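In: what shape does this take:
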Amino acid sequence: MPSTRRAILADLPAILALVRRVVPLMQASGNFQWTDDYPNAEVFTNDIARQQLWVAELDGAVAGVAALTQDQDAEYAQADWDVTVPALVTHRLAVDPAAQGRGIALALMSEAERQAVAQGLSVLRVDTNSENTATQKLFPKLGYRFAGEITLAFRPGLRFFCYEKRLA
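Out: From the prediction side, this is the model:
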């Protein structure tokens, strides 16, 4: 059973190694959301400094990562939701290919819900590349509704699907 905790700088090598294993598989499936340049050590170091990066561990090793922030890209205004409502947003969600199917993404998305409650937020949001079929199956199973398609300026040529969940 995976456990989650805030990431620390000592986790950075394991996180970067995980991303290096994930990116080629994403790209092979037609998902070019991530590259050799993004996400990188600087992005994850900033997430850690802001206390918003979480890891999921399995058998004592980092098996997944996610940034849980209140950061909403300007392009989120394109989606079918109210961007003026503060939300907890899951960014940079990745699961080690060797640990897929073992509840890692679920553990991180459950942590997002716990953090939303802790921060007094009742809305969770996430976006995913239009080619990422795994997340498009996962998010609705977790109670997220499809909230439309957007483009992101920093990832030209790609389409992203948005999902939102409201907590009771």
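In: how about stretch 21-34: buried residues?
Out: Val22, Val23, Met26, Asn31, Gln33, Trp34 (16 or more other C-beta atoms under 10 Å). No exception for glycine: its C-beta is placed from N, CA and C like everyone else's.
In: quick one, strands of this protein?
Out: 3-6, 53-58, 61-69, 88-95, 123-129, 145-150, 160-166 (DSSP state E).
In: reformat the ones you listed as TSV; add distance to Glu75 and mean pLDDT.
Out: Formatted as TSV, the strands of the chain follow (distance: least, C-beta to C-beta, whole Å; pLDDT from 0 to 100):
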stretch	distance to Glu75	mean pLDDT
strand 3-6	28	98
strand 53-58	22	97
strand 61-69	15	98
strand 88-95	13	96
strand 123-129	9	96
strand 145-150	5	96
strand 160-166	8	97
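In: out of the ones you listed, which comes closest to Val117?
Out: strand 88-95 (9.0 Å; C-beta to C-beta).
In: next, the angle strand 61-69 makes with that closest one.
Out: Orientation of strand 88-95 against strand 61-69 (axes from the mean of the first three to the mean of the last three C-alpha atoms, to 10 degrees) gives an angle of 160 degrees.
In: show residues contacting strand 88-95.
Out: 18-19, 22, 39, 43-44, 47, 53, 56, 63-72, 104-105, 108-109, 112, 115-116, 119, 121, 123-126, 135 (C-beta atoms under 8 Å, 6 or more residues apart in numbering).
In: filter these to the buried ones?
Out: Among those, those classed as buried by 16+ other C-beta under 10 Å are 18-19, 22, 39, 43-44, 47, 53, 56, 63-69, 72, 104-105, 108-109, 112, 115-116, 121, 123-126, 135.
In: got the confidence number for Ala28?
Out: Confidence at Ala28, expressed as pLDDT, is 88.
In: ugh, wrong one, I meant Asn31
Out: Here the pLDDT value assigned to Asn31 is 85.
In: quick check: it touching Asn132?
Out: Yes - counting by C-beta atoms under 8 Å, Asn132 is a contact partner of Asn31 at 5.1 Å.
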